[in-house]
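A.B. asks: make a model of this:
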Amino acid sequence: MSPAGRHVGVDYGTKRVGLAMSDPLGLFAQPVGTFSPTEALERLDGIRQESGIKSIVIGWPLEENGSHGRMVKLVAEYIRRLQKRLPGVEIVRRDERFSSERAKELIRTGERPSMRSTGRSRIDTAVAGLLLQEYLDEVIHPENA
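C.D. replies: From the prediction side, this is the model:
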């Protein structure tokens, strides 16, 4: 892994932001939690101070047909806040169409009963982890995919 730090996944919502973080080698996404947008910025500051952040992978909420809707504008504004708060950190936008449905399915099929809960906070964190894991598999370590 580069000494620059970990990769972080972000699933932005106006009320909740799901966060996930890679392990030190950048192989696996691990849940961090769900926070208010402001608390998420503070948590990202903490991650940067503790471990460093190499990149932030944020869900880009395109409409089903690929067009930009209201949420794209809100995420773009949040990206500006991230850039201001965390200068120098690479921010990668990932298409998140259908990611909530995929995350719900992963949660539902969890082996432990606690993993079967589909509460909104759990889904937000799972989406952040899903986006991050896909990025790690496809971009950072494609040889492992």
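A.B. asks: going by C-alpha atoms from here, please, whenever you check contacts or count neighbours.
C.D. replies: OK.
A.B. asks: which ones are touching the closest residue to Phe28 other than its chain neighbours?
C.D. replies: The spatially closest residue to Phe28, leaving aside those adjacent along the chain, is Ser22, at 5.4 Å (Cα to Cα, 6 or more residues apart in numbering). Applying Cα atoms under 8 Å, 6 or more residues apart in numbering, one finds that Ser22 lies in contact with 6-8, 28-30, 132.
A.B. asks: ok, now with 7 Å
C.D. replies: 6-8, 28-30 (Cα atoms under 7 Å, 6 or more residues apart in numbering).
A.B. asks: ok, those residues vs Pro61, which is closest?
C.D. replies: Nearest to Pro61 out of these is Val8 (Cα to Cα; 17.3 Å).
A.B. asks: and the closest one, what's its pLDDT?
C.D. replies: At Val8, the predicted lDDT confidence score is 98.
A.B. asks: quick revisit: partner residues bridging the residue nearest to Phe28?
C.D. replies: Note on Ser22: beta-bridge partners Ala29, judged by DSSP bridges.
A.B. asks: run a quick neighbour tally on the spatially closest residue to Gly52 that is not a sequence neighbour.
C.D. replies: Excluding the flanking residues, the one nearest Gly52 by Cα to Cα, 6+ apart is Gly5, at 4.0 Å. When neighbours are defined as other Cα atoms under 10 Å, Gly5 has 22 of them.
A.B. asks: surely Gly5 meets Ile53?
C.D. replies: Yes: Gly5 is in contact with Ile53 according to Cα atoms under 7 Å; the separation is 4.5 Å.
A.B. asks: the helices in the protein, which residues?
C.D. replies: 37-50, 70-85, 99-108, 120-135 (DSSP state H).
A.B. asks: of these, which stretch is the most buried?
C.D. replies: Ranked by mean neighbour count, the helices of the chain are led by helix 120-135 with a mean of 25 (mean count of other Cα atoms under 10 Å).
A.B. asks: who does that one touch, helix- and strand-wise?
C.D. replies: Applying 3 or more Cα pairs under 7 Å, 6 or more residues apart in numbering; DSSP states H and E, we find helix 120-135 packed against strand 6-11, strand 17-22, strand 29-35, helix 99-108.
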